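Student: build me a structure from this.
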Amino acid sequence: MSTEEVIRLIKESKKRTLARAFVAGDLKGLDWCELKFVGGADFGTVYGDYELIVEALSKYKSRLITSDVEVRARNSAVPLADLTRYEARIEPGAIIRDKVVIGKNAIVMMGAVINVGAVVGEGTMIDMNCVLGGRARVGAKCHIGAGAVIAGVVEPASAIPVVIGDNVLVGANAVILEGVQVGEGSVVAAGSVVTRDVPAGSVVAGSPAQIVKSVDEQTVSKTKIVEDLRKL
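Tutor: Residues are numbered from 1 along each chain as shown. Down below sits the predicted model:
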């Protein structure tokens with residue numbers, strides 16, 4: 001997605017304050033209208049917009065013994081993605097917003113956050129607690145190490161997104177700043193802060209990251225991804 005498309009999506013979307021309410025009482029025959037109700041005759045959970053839930057609870061207060069409302073998002077513009085549409089392994093606890101592309105056999109581990117407009121290539125692993133900002137693009141068969149941050153750009157609209165080529169390894173807790181392009185087959189050492197473009201086949205380390213050598217056979221053997229982890 002372009003910056004303009006993301007901005008338009010957020011601007012024109014209906015902002016929703018999502019909530020759920022746990023209700024107990026004489027619930028038989030109650031009409032929850034636009035809300036979703038899951039439960040039985042004396043206990044259940046109501047899902048939907050906060051204002052509609054409050055309205056319904058007020059309407060049926062004489063039938064309720066007790067209720068508790070939990071707000072899950074406030075004026076949210078972009079919902080979370082429907083995970084069933086991805087042919088990828090996505091572990092519990094990953095947060096993926098709508099309008100994200102995830103390639104076949106990719107892996108998204110616990111705690112990873114992927115923002116609107118981001119792209120994850122086929123067979124790429126996004127490890128635990130990684131953050132992929134808006135419109136960040138990661139190529140195929142990469143490994144983005146635990147805690148790494150791939151900066152996103154939605155604002156300013158003129159900013160260039162981070163683009164990571166195929167077969168790139170980004171070490172744990174590395175940070176790649178807005179607009180940086182990381183060439184195919186490169187390696188970013190753990191903890192590095194990458195502020196400038198990285199040529200293909202380079203190894204960079206430090207803060208700010210500097211080229212320390214070209215990728216050689218030893219580097220390739222140490223950073224080789226495991227295909228078996230990517231099989232569904």
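
Student: so which residues of the chain form helices?
Tutor: Assigned by DSSP state H, the chain shows helices spanning 3-12, 50-59, 217-223.

Student: out of those helices, flag the one nearest residue 179.
Tutor: Comparing the helices of the chain by their distance to residue 179 (CB to CB), the top pick is helix 3-12, with 12.2 Å. (C-beta placed from N, C-alpha, C; glycine too.)

Student: contacting residues around the closest one?
Tutor: 1, 77-78, 99, 116-117, 134-135, 153-155, 157-159 (CB atoms under 8 Å, 6 or more residues apart in numbering).

Student: hmm, try it at 6 Å
Tutor: 77, 116-117, 154, 157 (CB atoms under 6 Å, 6 or more residues apart in numbering).

Student: list the contacts of residue 132.
Tutor: Here residue 132 is in contact with 114, 118, 150 (criterion: CB under 6 Å, 6+ apart).

Student: stretch 77-85: which residues count as buried?
Tutor: Residues of stretch 77-85 classed as buried: 77-78, 81 (neighbour count, 16 or more other CB atoms under 10 Å).

Student: for the closest residue to residue 101 other than its chain neighbours, list each beta-bridge partner.
Tutor: Spatial nearest neighbour of residue 101, excluding adjacent residues (CB to CB, 6 or more residues apart in numbering): residue 119 at 4.5 Å. Beta bridges link residue 119 to residue 101, residue 137 when assigned by DSSP bridges.

Student: now stretch 43-63 - C-alpha only, CSV.
Tutor: The C-alpha coordinates for stretch 43-63 follow below in CSV (Å, rounded to 0.1, in the frame of the first residue of the first chain):
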residue,chain,number,x,y,z
PHE,A,43,-25.1,-16.2,31.2
GLY,A,44,-23.3,-15.0,28.1
THR,A,45,-20.9,-12.6,26.4
VAL,A,46,-22.0,-9.7,24.2
TYR,A,47,-19.5,-8.4,21.5
GLY,A,48,-19.7,-5.2,19.5
ASP,A,49,-19.5,-1.4,19.7
TYR,A,50,-19.3,0.0,23.2
GLU,A,51,-22.1,2.5,22.8
LEU,A,52,-24.5,-0.2,21.5
ILE,A,53,-23.5,-2.5,24.4
VAL,A,54,-24.2,0.3,27.0
GLU,A,55,-27.5,1.0,25.3
ALA,A,56,-28.5,-2.7,25.4
LEU,A,57,-27.5,-3.1,29.0
SER,A,58,-29.6,-0.1,29.9
LYS,A,59,-32.6,-1.5,27.9
TYR,A,60,-32.4,-4.9,29.7
LYS,A,61,-31.3,-3.8,33.1
SER,A,62,-34.4,-5.2,34.7
ARG,A,63,-33.5,-8.6,33.3
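
Student: I'd like the average pLDDT over that stretch.
Tutor: Here stretch 43-63 scores 96 as its mean pLDDT.

Student: show me which residues of it are buried.
Tutor: Applying 16+ other CB under 10 Å to stretch 43-63 flags 44, 46, 48, 50, 52-53, 56, 60 as buried.

Student: farthest pair within those?
Tutor: 44 and 50, at 17.4 Å, using CB to CB across the buried residues of stretch 43-63.

Student: from residue 124, how far off is the residue nearest the centre of the chain?
Tutor: The centroid of the chain falls nearest to residue 114 when counting by CA atoms, centre = their mean (2.0 Å). Shown here: residue 114 relative to residue 124, a distance of 11 Å by CB to CB, to the nearest Å.

Student: next: residue 16.
Tutor: 31 Å.

Student: which of those two has more neighbours?
Tutor: Counted by other CB atoms under 10 Å, residue 16 and residue 124 do not tie: residue 124 has more neighbours, with 27 against 17.
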